[in-house]
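1. sequence first, then the predicted structure:
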Amino acid sequence: MPPLYTVITLQEMTKELEALGFEYYDHKPENGYVCTEYVFQKYLDRNGKLYTLRLYTSVSKYTDDSRDVGTDAIRLVVYCGGKHYGEGRVNRTQNWIKNMQKRIMTWDTLFKVCPQCGSALKERVGKFGHFYGCSTYPACGYTEHKKGT
């Protein structure tokens, strides 16, 4: 049986995210793309690196409640130094609050960290298959074989 999706209002989302230290982020158009959902963010310092956690709510700016079922999910995106590190989804099921809180609390599992420079490792494909490479390449040339490939 498919999960039962629930409608989430801006008021509900704001209450939950402000309790977790998030603030509304006025997402400006980039490359002609206009963001039609409410976005919240917060900053976290981890080992001297400043990370931005940005939560795309799927709550429409036009209706102040969540979009139609199947059109989007709540997404947590991690940035550092203006670079995309990783992201995770939360479905809008009846347990969305608990699932969103868990995703936020485990944000640092959404990406692998380079042991040499502390930047994000990105999955890449080379002539020998899939591997992880440092996102700061060529400044840092760290690579790691991806297990299972």
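-> Sure, I can see it.
2. from now on I want contacts and neighbour counts done on CA atoms only, so please keep to that.
-> Fine.
3. so what's the closest residue to Arg54 other than its chain neighbours up against?
-> Leaving aside its sequence neighbours, Arg54 sits nearest to Gln41 (C-alpha to C-alpha, 6 or more residues apart in numbering; 4.2 Å). By C-alpha atoms under 8 Å, 6 or more residues apart in numbering, the contact set of Gln41 is 22-25, 52-55.
4. buried subset of the residues you listed?
-> The neighbour count (16 or more other C-alpha atoms under 10 Å) marks 22-23, 52-55 as buried among the contacts of Gln41.
5. among those residues, which two are most distant?
-> Distance extremes for the buried ones among the contacts of Gln41: the farthest pair is Glu23 and Thr52 at 11.6 Å, using C-alpha to C-alpha.
6. name the residues contacting each of those two.
-> Shared contacts of Glu23 and Thr52, defined by C-alpha under 8 Å, 6+ apart, are found at 41-42.
7. picking that back up, so can I have CSV of the buried ones among the contacts of Gln41 showing distance to Val90 and secondary structure?
-> Output for the buried ones among the contacts of Gln41, formatted as CSV (distance: C-alpha to C-alpha, whole Å; DSSP: H, G, I helix; E, B strand; the rest coil):
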residue, distance to Val90, secondary structure
Phe22, 17, coil
Glu23, 19, strand
Thr52, 18, strand
Leu53, 14, strand
Arg54, 13, strand
Leu55, 10, strand
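8. what is the nearest of those to Thr143?
-> When those are compared against Thr143 (criterion: C-alpha to C-alpha), the nearest one is Thr52, at 24.7 Å.
9. give me the phi and psi for the residue nearest to Arg54.
-> Dihedral angles of Gln41 (phi, psi; degrees, to the nearest 10) stand at phi -150, psi 160.
10. what's across from it in the sheet?
-> Glu23, Arg54 (DSSP bridges).
11. repeat for Gly129
-> Beta-bridge pairing for Gly129 (DSSP bridges): Gly126.
12. give me the number of residues near it?
-> Other residues lying near Gly129 total 10 when counted by other C-alpha atoms under 10 Å.
13. give me the pLDDT for it.
-> The model reports Gly129 with a pLDDT of 87.
14. with Arg89 instead?
-> 91.
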